[in-house]
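J.: here is my input; please provide its structure:
(one chain, ligands or ions: 3)
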Amino acid sequence: MDTAIKLSEYQARRKKVLSGLKGAVGIVFAGEGAPPLLGEWMPDMNFRYLTGLEDEPGAMVFFDPSNPDAKKRIVLLLKPVNPEIDVWDGYRDLVSEKLRAKTGFDTVMRNYGLPRLMTEAAKRTKRLACLHPFASYSAPVSKDLELFQKVSARIPGCSIEDKTDLVLNLRGVKSTGEIKQIKNAIQATAHGIECVMGKIAGGVNERELHNALVGGFAAMGSIRNGFDPIVGSGHNGTVLHYKANNCPTRDGDLMVLDCGAAMAGYSADITRTLPVSGKFTKKQAKLYNIVLKSQRAAINAVKPGATMAQIDAASRKVIVDAGYGDFYPHSIGHHLGLETHDPSPTGTLKEGMVVTIEPGIYLPDESIGIRIEDDILVTKTGSRNLSSMIPKTVEEVEAAIAQARKK
Ligand code: GLY
Ligand code: MN
Ligand code: MN
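T.: Ligands and ions are numbered 1, 2, ... in the order given. Okay, here's the model as predicted:
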């Protein structure tokens, strides 16, 4: 389990959920595991947020605010230990004082205990609250709603309530510990970008730069990327979610580098646009400065009480006024945290939220893609750019490439 965030913070998060349920029963599922050898399994991020557990597929947190036994109001349910499976997947603890201390739960049970817990709580409260986001009609019904529908078909009089905003609103406002991890992830990302700056030159393959980038993250202690980096030069830089990262670069082209290391589960999300030759052409610099002006206008609009729509409008106005409105196809940004695209909390921005600000101009006919992205903390009175140490103006980027090439 991840220990960068204290157990007491996870406990405090769960207590907030318990009180936010206002007496209704709720459940948060970790989700099932991935098949072996098919990539790393990641738990549901609401589960991860509430427990820090990353290696317990099949687990759940059961919230029963009105349980007469205070120790049974928040219960961790885990899959049974299976010694034969442990040989393959790793050794797990038996239910014990050690496991309770390690997880910070007063009550840990096996997940076959859920039907009994659920039935008893549903009979007592008749109120079941959905914490997982509702699915769209074309996707499977969310797991807690599916379970509650079965329960209410068996226990008359149960109502199902919508508490889907509860955890995501808690996740929206980052604690000091979370901000520290995001800053660590940004530091690692800054180093990765510097490593790319040291290697970028006409003829170098994007893959080599990709490898330099993630090598730089790893050298700073990041064991996971927040997302697959975008290392797209020339025309590839105009493809918003370019993935191949496997093309020779050419002098005279720009390269969009959209990347983020993760630290203790928290992601950075930074974009810098670099001239492959080390110098922007006049036209590239002109377009770059429009994007930079747009980004500054957006960052200036970040403050408590603002909406992402208002911030988007501030950024878009600059690009539209410059005549490139049709070449800015995406929105200004998103919340950042355990997920690179963290869920959007309800309402306006609040102190402690972290958002990305990432305008761009993409001209496929000219093979020019430009995006600039920073990670911005909402403060009491405005905002702070957490990634301001990463070179950004035309002059800073050119100087940083020249400097990095000397190393
Ligand atoms: N890297 C994806 C994004 O910036 O949203
Ligand atoms: Mn990005
Ligand atoms: Mn982003």
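J.: against residue 227, how distant is the residue nearest the centre of the chain?
T.: By CA atoms, centre = their mean, the chain has its centre lying nearest to residue 339, at 1.5 Å. As defined by CB to CB, to the nearest Å, residue 339 lies at a distance of 9 Å from residue 227. (Glycine included, C-beta is placed from N, CA and C.)
J.: same check on residue 306?
T.: From residue 306 to residue 227 the distance is 26 Å (CB to CB).
J.: try residue 372
T.: 18 Å.
J.: now do the helices in the stretch 251-400 of the chain.
T.: 282-301, 308-321, 394-406 (DSSP state H, counting those that start in this stretch).
J.: which parts of the longest one are buried?
T.: Residues 284-285, 287-288, 290-299, 301 are the ones in helix 282-301 that count as buried (16 or more other CB atoms under 10 Å).
J.: what two of these are the furthest from one another?
T.: 284 and 301 (26.2 Å; CB to CB).
J.: what touches both of residue 339 and residue 227?
T.: The overlap between the contact sets of residue 339 and residue 227 (CB atoms under 8 Å, 6 or more residues apart in numbering) consists of residue 267.
J.: so where is this protein shaky, pLDDT-wise?
T.: 1-2, 36 (pLDDT under 70).
J.: in it, which helix has the most residues?
T.: With secondary structure taken from DSSP state H, the chain has its longest helix at helix 176-199.
J.: which strands or helices does the helix or strand just after that one pack on?
T.: Using DSSP states H and E, the next helix or strand after helix 176-199 towards the C-terminus is helix 206-219. With contacts defined as 3 or more CB pairs under 8 Å, 6 or more residues apart in numbering; DSSP states H and E, helix 206-219 has these neighbours: helix 176-199, strand 230-233, strand 254-259.
J.: tabulate those in JSON lines, adding columns for mean neighbour count.
T.: JSON lines is the format used below for the helices and strands packed on helix 206-219 (neighbours: other CB atoms under 10 Å):
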{"stretch": "helix 176-199", "mean neighbour count": "22"}
{"stretch": "strand 230-233", "mean neighbour count": "28"}
{"stretch": "strand 254-259", "mean neighbour count": "26"}
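J.: of those, which is nearest ligand 3?
T.: strand 254-259 (7.2 Å; CB to the ion).
J.: the closest one: partners in the sheet, and parallel or antiparallel?
T.: strand 230-233 (antiparallel), strand 270-275 (antiparallel) (DSSP bridges).
J.: for residue 298, which non-adjacent residue is closest in space?
T.: residue 315 (3.7 Å; CB to CB, 6 or more residues apart in numbering).
J.: what's the local residue count around that neighbour?
T.: 28 (other CB atoms under 10 Å).
J.: quick one: it from residue 297, how far?
T.: Relative to residue 297, and taking CB to CB, residue 315 is found at 6 Å.
J.: ok so, going back, between the strands paired with strand 254-259, which one is nearest to residue 188?
T.: strand 270-275 (10.4 Å).
J.: so, in contact with ligand 3 or not, the closest one?
T.: No. Judged by CB under 5 Å from the ion, strand 270-275 stays clear of ligand 3, getting no closer than 7.3 Å.
J.: so stretch 211-218, near ligand 2 or not?
T.: No. Stretch 211-218 does not reach ligand 2 (CB under 5 Å from the ion); its nearest approach is 12.9 Å.
J.: and that stretch, C-alpha only, in CSV?
T.: Included here for stretch 211-218 are C-alpha records, laid out as CSV according to Å, rounded to 0.1, in the frame of the first residue of the first chain:
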residue,chain,number,x,y,z
ASN,A,211,13.0,6.9,-23.8
ALA,A,212,15.1,9.8,-22.5
LEU,A,213,11.9,11.3,-21.1
VAL,A,214,10.8,8.3,-19.1
GLY,A,215,14.4,7.6,-18.1
GLY,A,216,14.4,11.1,-16.6
PHE,A,217,11.2,10.4,-14.7
ALA,A,218,12.6,7.1,-13.3
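J.: near ligand 3, which residues of the chain?
T.: Counting by CB under 5 Å from the ion, the residues of the chain that sit close to ligand 3 are 269, 356.
J.: what do you get if the cut-off is 6 Å, keeping everything else the same?
T.: 269, 333-334, 356, 358, 373 (CB under 6 Å from the ion).
J.: and the gap between the residue nearest to residue 298 and residue 296?
T.: 9 Å.
J.: do the same with residue 213
T.: 26 Å.
J.: in space, what's closest to the residue of the stretch 101-250 of the chain found nearest ligand 1 - neighbours in sequence excluded?
T.: Nearest residue of the stretch 101-250 of the chain to ligand 1: residue 227, at 5.6 Å (CB to the nearest ligand atom). Leaving aside its chain neighbours, residue 227 sits nearest to residue 340 (4.7 Å; criterion: CB to CB, 6+ apart).
J.: what's near enough to touch the one you found?
T.: Here residue 340 is in contact with 226-227, 260, 267, 269 (CB under 8 Å, 6+ apart).
J.: state the number of residues packed around residue 77.
T.: 23.
J.: let me fix that, I meant to ask about residue 307.
T.: 12.
J.: likewise the one 3 residues further on?
T.: Using other CB under 10 Å, residue 310 has 17 other residues around it.
J.: so how far is residue 391 from it?
T.: Distance from residue 310 to residue 391, by CB to CB: 28 Å.
J.: got it, and residue 258?
T.: Residue 258 is 16 Å from residue 391, by CB to CB.
J.: again, but for residue 58
T.: Distance from residue 58 to residue 391, by CB to CB: 46 Å.
J.: those two: which has the busier surroundings?
T.: residue 391 (20 against 15).
J.: from what I can see that one touches residue 404, true?
T.: No. Contact criterion CB atoms under 8 Å: residue 391 and residue 404 do not qualify, at 9.4 Å.
J.: look up phi and psi at the one residue in the stretch 151-300 of the chain that gets nearest to ligand 3.
T.: When distances are taken as CB to the ion, the stretch 151-300 of the chain reaches nearest to ligand 3 at residue 269, 4.1 Å away. Per-residue torsions, residue 269: phi -150, psi 100 (degrees, to the nearest 10).
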